[in-house]
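Asker: need a structure here:
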Amino acid sequence: MCETCESARRGNGTGRRLFLKLTSAAAMVGSAAGGALVASPARADALTKEQRDSMTPDQIIKAMKRGNARFRRGERKARNYLGEQKASASGQYPAAVLLSCIDSRAPAEVIMDLGIGDIFNCRVAGNVANDDILGSMEFACALSGAKVVLVMGHTSCGAIKGAIDNAELGNLTGLLGKIKPAVEATAYSGERSASNYTFVDAVARKNVAMTLANIRSGSPVLAELETKGAIKIAGAMYNLKTGEVEFFG
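Answerer: Here you go, the predicted model:
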């Protein structure tokens with residue numbers, strides 16, 4: 001036991017006061033360390049408008065990269081989710097909007113060490129864009145101030161495999177049809193089958209690239225914001241085996 005703790009236990013007034021100061025300071029540091037996108041330890045529990053607005057799109061992407069690096073090291077920030085929930089209840093100022101797959105192994109907030117209120121998140125099998133997704137992105141950026149549109153695919157994607165295999169099942173058939181152009185557009189000299197995971201991942205990457213193009217062509221609102229430099233539209237691939245998120249334009 002340290003001398004301060006021992007003094008406090010014995011009733012020493014000086015030791016007790018010092019012990020209380022130390023424990024109080026430790027609690028304050030733990031509380032201030034919440035959040036992820038802002039590097040400063042002095043941030044609130046939820047991203048504020050001032051903090052979000054002070055960052056450039058490139059800085060926001062760099063913060064996501066740092067969060068993913070922490071995730072891969074097993075050093076995710078200790079956060080107060082209740083504090084984040086309460087701090088964001090009266091308003092939200094997310095820095096980015098993500099379009100990712102519904103795969104249970106690729107939760108964006110977890111693998112990039114993000115908290116409540118940090119991002120908008122759209123999830124659909126195969127991370128494809130439709131009018132509703134585009135409208136959601138326009139809300140996120142044009143009305144709510146998000147500065148990054150990120151489309152994230154992942155390795156070993158079941159939706160990609162289904163598109164390669166021409167799978168058919170109810171409404172899923174139409175969804176997979178949106179991925180098939182990426183299958184056809186993928187240049188690959190090896191075995192073009194769903195059992196060849198190298199080909200599957202190549203199609204997944206092409207699918208992300210084509211979704212980015214679809215976002216720009218399908219949403220003049222987002223395209224104009226990108227041209228003005230107000231937002232950045234980017235892609236990423238998450239590797240299920242390594243835990244790494246690779247970002248690309």
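
Asker: And the residue nearest the centre of the protein?
Answerer: A108 (4.0 Å; CA atoms, centre = their mean).

Asker: What residues does it make contact with?
Answerer: A108 makes contact with 98, 100, 114, 119, 121, 152 under the criterion CB atoms under 8 Å, 6 or more residues apart in numbering. Bear in mind the C-beta positions are built from the backbone N, C-alpha and C, glycine included.

Asker: Quick one: these as JSON lines, columns for secondary structure, pLDDT and neighbour count too.
Answerer: Shown next, in JSON lines, are the contacts of A108 (DSSP: H, G, I helix; E, B strand; the rest coil; pLDDT from 0 to 100; neighbours: other CB atoms under 10 Å):
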{"residue": "L98", "secondary structure": "strand", "pLDDT": "98", "neighbour count": "25"}
{"residue": "S100", "secondary structure": "strand", "pLDDT": "98", "neighbour count": "21"}
{"residue": "L114", "secondary structure": "coil", "pLDDT": "96", "neighbour count": "29"}
{"residue": "I119", "secondary structure": "strand", "pLDDT": "97", "neighbour count": "24"}
{"residue": "N121", "secondary structure": "strand", "pLDDT": "97", "neighbour count": "19"}
{"residue": "M152", "secondary structure": "strand", "pLDDT": "98", "neighbour count": "25"}
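
Asker: so which of those residues comes closest to E138?
Answerer: L98 (14.8 Å; CB to CB).

Asker: distance of the closest one from A194?
Answerer: Going from L98 to A194 by CB to CB, to the nearest Å gives 26 Å.

Asker: Okay, and A46 sits in which element?
Answerer: For A46, there is no host helix or strand (DSSP states H and E).

Asker: count of residues packed around G135?
Answerer: Counted by other CB atoms under 10 Å, the residues lying close to G135 total 12.

Asker: May I see the buried residues of the helix or strand hosting it?
Answerer: Assigned by DSSP H and E, G135 belongs to helix 131-138. By 16 or more other CB atoms under 10 Å, the buried positions in helix 131-138 come out as 133-134, 136-138.

Asker: Please dump the contacts of A108 into CSV; it should also carry distance to T242 for every row.
Answerer: Shown next, in CSV, are the contacts of A108 (distance: CB to CB, whole Å):
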residue, distance to T242
L98, 19
S100, 17
L114, 19
I119, 22
N121, 22
M152, 15
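
Asker: between those, which is nearest E224?
Answerer: Using CB to CB, the contacts of A108 come closest to E224 at L98, 20.7 Å.

Asker: Just list whatever residues bridge to that closest one.
Answerer: Residues in a beta bridge with L98, per DSSP bridges, are N121, L150.

Asker: Next one: it from A185, what distance?
Answerer: 23 Å.

Asker: just R192 next, same as before
Answerer: 12 Å.

Asker: And for V128?
Answerer: 14 Å.

Asker: the more surrounded of those two?
Answerer: Higher neighbour count among V128 and A185: V128, with 23 against 12, using other CB under 10 Å.

Asker: which residues does the more buried one contact?
Answerer: 175, 178-179, 207, 211.

Asker: and if we set it to 7 Å?
Answerer: 175, 178-179, 211 (CB atoms under 7 Å, 6 or more residues apart in numbering).

Asker: Quick check: buried residues in the helix or strand hosting F199?
Answerer: Assigned by DSSP H and E, F199 belongs to helix 197-218. By neighbour count on 16+ other CB under 10 Å, the buried set for helix 197-218 is 199-212, 214-215, 218.

Asker: Look up how far E191 lies from the residue nearest to the centre of the chain.
Answerer: Counting by CB to CB - A108 and E191 are separated by 31 Å.

Asker: same thing with D53?
Answerer: When D53 is compared with E191 (using CB to CB), they lie 49 Å apart.

Asker: Leaving out the residues flanking it, which one is nearest to R52?
Answerer: Y93 (4.5 Å; CB to CB, 6 or more residues apart in numbering).
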